[in-house]
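Trainee: Structural data only, the sequence is not supplied:
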Ligand code: SAH
């Protein structure tokens, strides 16, 4: 097996449970193997630190699987998945059949993402190591959940850095139908797991969508960046008000309409507008009491930070201008490269420019089925604010 020896004093974070070893912390590597091979990690004095998998071409050269030297076999993966399922059984609400079962590093399986959509499972490997683990993970999923089918949809920037191309296809059992029906907080959604964005549904927003369902009724809601209607459908289902769903994707809006109808919601209560949100916010003549801003990541690479921040500022500024006193804003960023405090400051600058008094009702984050290791804050990306507007 490959042995990775750390520089003196660099074992601390790994011993504390941080799952990443950067190339700069490594003194030497012995042994060879393809990207994703298992490696034993040792401190400068030769003492064992744990076991992980390597990809020499990445600045995150090793991702740790265990702080013990143990076999990475079917039994190990089975234990990891069982532990992940125990958390989901504790935190996923009733009347909900879609959830994230494995959240990569947050479930001590770096690079491995597993989303459950009713009887179907979507597997995503982000790294070469996760590719190597795939057969073990699939076998363990079959044993644990007896799904109807497991489908792979692996894509994204991390894969490129790892030297991997995008890949999709059936891994086990039946191929999911074009639309898989799920329940979320008692609402029905059709999910296009194969052709939709990400693995088909933004599961990380479930608790924030539930939040909107608990608000007082009688609102005019702008669901900005609506995708397949999530926030607006939950709001309307719980009689919160009239919803205008805006998204640039026609396919997403088509499914949003279908989801609206699938929940028996009155047609007159929902409008669906295909538009660029930046233009829509500037040009609309409608008035709203509640605006949701859930954009795609404006900052995909660190170099995009400045441009991305100005994008966040712009949409928040326009939304704050549109809202009356007593209006509310649910605003989010899912850019991993934007820290929570930089996001909050961006919203603050927008509020200052809009000359509005803004109060924070709640800090928002991902649903509990997206756990993040306490020593690995890099694993968190979704942050949000629930704001109340004054004069
Ligand atoms: N809130 C949604 C998820 C939003 S994902 C939910 O709960 O399911 C982000 C969405 O923004 C995608 O549907 C994408 O099509 C849309 N989008 C991206 N850029 C946009 C733009 N400039 N204007 C409007 N929509 C945009």
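Mentor: Nice, I can see it. This structure is a prediction, so every number in the text was calculated from the model and none was measured.
Trainee: residues touching the residue lying farthest from the centre of the chain, list them.
Mentor: Taking C-alpha atoms, centre = their mean, the residue of the chain most remote from its mean C-alpha position is residue 45, at 38.8 Å. Not one residue lies near residue 45 by C-beta atoms under 8 Å, 6 or more residues apart in numbering. Just so you know, the C-beta spots here come from the backbone N, C-alpha and C atoms, and that holds for glycine as well.
Trainee: Now do the phi/psi pair for it.
Mentor: phi -80, psi 10 (degrees, to the nearest 10).
Trainee: ok, now how distant is it from the ligand?
Mentor: From residue 45 over to the ligand the distance is 48 Å, taken as C-beta to the nearest ligand atom, to the nearest Å.
Trainee: go on, residue 348?
Mentor: The value you get for residue 348 to the ligand, if C-beta to the nearest ligand atom is used, is 23 Å.
Trainee: What are the buried residues along the helix or strand hosting that residue?
Mentor: Using DSSP states H and E, residue 348 sits in helix 340-354. Within helix 340-354, the residues that count as buried by 16 or more other C-beta atoms under 10 Å are 340, 342-344, 346-347, 349-351, 354.
Trainee: Kindly report the same for stretch 357-364.
Mentor: By neighbour count on 16+ other C-beta under 10 Å, the buried set for stretch 357-364 is 358, 364.
Trainee: And for stretch 284-291?
Mentor: The neighbour-count check on stretch 284-291 (16+ other C-beta under 10 Å) flags 284, 288-291 as buried.
Trainee: Quote the end-to-end distance of it.
Mentor: Length of stretch 284-291, first residue to last, C-alpha to C-alpha, to the nearest Å: 13 Å.
Trainee: now do stretch 260-267
Mentor: 8 Å.
Trainee: Chain neighbours aside, what residue packs nearest to residue 215?
Mentor: Of all residues not flanking residue 215 in the chain, residue 240 sits nearest, at 5.3 Å (C-beta to C-beta, 6 or more residues apart in numbering).
Trainee: shouldn't that neighbour be in contact with residue 221?
Mentor: Yes - here residue 240 reaches residue 221: they are 6.8 Å apart, a contact under C-beta atoms under 8 Å.
Trainee: still on that earlier bit, what sits against the residue nearest to residue 215?
Mentor: Listed by C-beta under 8 Å, 6+ apart, the contact partners of residue 240 are 212-213, 215-219, 221, 290.
Trainee: Make TSV from these and add secondary structure and pLDDT to it.
Mentor: As requested, those are exported to TSV (DSSP: H, G, I helix; E, B strand; the rest coil; pLDDT from 0 to 100):
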residue	secondary structure	pLDDT
212	helix	97
213	coil	95
215	coil	96
216	coil	94
217	coil	95
218	coil	92
219	strand	95
221	strand	98
290	strand	98
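Trainee: The nearest residue to residue 51 once chain neighbours are set aside and residue 85: what is the separation?
Mentor: Nearest non-adjacent residue to residue 51, counting by C-beta to C-beta, 6+ apart: residue 66, 5.1 Å away. Residue 66 is 19 Å from residue 85, where distance means C-beta to C-beta, to the nearest Å.
Trainee: Tell me which of these two has more neighbours.
Mentor: A count of neighbours by other C-beta atoms under 10 Å puts residue 85 above the other of residue 66 and residue 85, at 17 against 14.
Trainee: I'd like the distance between that one and the ligand.
Mentor: Going from residue 85 to the ligand by C-beta to the nearest ligand atom gives 24 Å.
Trainee: Equivalent analysis for residue 118, please.
Mentor: Look at residue 118 and the ligand: by C-beta to the nearest ligand atom, they are 17 Å apart.
Trainee: Count the residues that sit near that residue.
Mentor: 15.
Trainee: ok, it - contacts?
Mentor: Going by C-beta under 8 Å, 6+ apart, residue 118 touches 97-98, 180-183.
Trainee: Make sure residue 246 is indeed in a helix.
Mentor: No - read with DSSP: H, G, I helix; E, B strand; the rest coil, residue 246 is strand and lies in no helix.
Trainee: That one contacts residue 278, doesn't it?
Mentor: No - counting by C-beta under 8 Å, residue 246 stays clear of residue 278, with 10.6 Å between them.
Trainee: okay, these two: which has more neighbours?
Mentor: residue 246 (23 against 14).
Trainee: If you count neighbours, what's buried in stretch 325-332?
Mentor: Here stretch 325-332 shows 327-332 as buried, counting by 16+ other C-beta under 10 Å.
Trainee: now the helices for this protein?
Mentor: Along the chain, counting by DSSP state H, helices occupy 12-15, 74-91, 128-145, 157-161, 206-212, 230-237, 250-262, 277-283, 305-322, 340-354.
Trainee: Let me have the ones you listed in JSON lines, extended by distance to residue 38.
Mentor: Below are the helices of the chain laid out as JSON lines (distance: least, C-beta to C-beta, whole Å):
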{"stretch": "helix 12-15", "distance to residue 38": "15"}
{"stretch": "helix 74-91", "distance to residue 38": "11"}
{"stretch": "helix 128-145", "distance to residue 38": "8"}
{"stretch": "helix 157-161", "distance to residue 38": "20"}
{"stretch": "helix 206-212", "distance to residue 38": "34"}
{"stretch": "helix 230-237", "distance to residue 38": "39"}
{"stretch": "helix 250-262", "distance to residue 38": "40"}
{"stretch": "helix 277-283", "distance to residue 38": "45"}
{"stretch": "helix 305-322", "distance to residue 38": "35"}
{"stretch": "helix 340-354", "distance to residue 38": "34"}
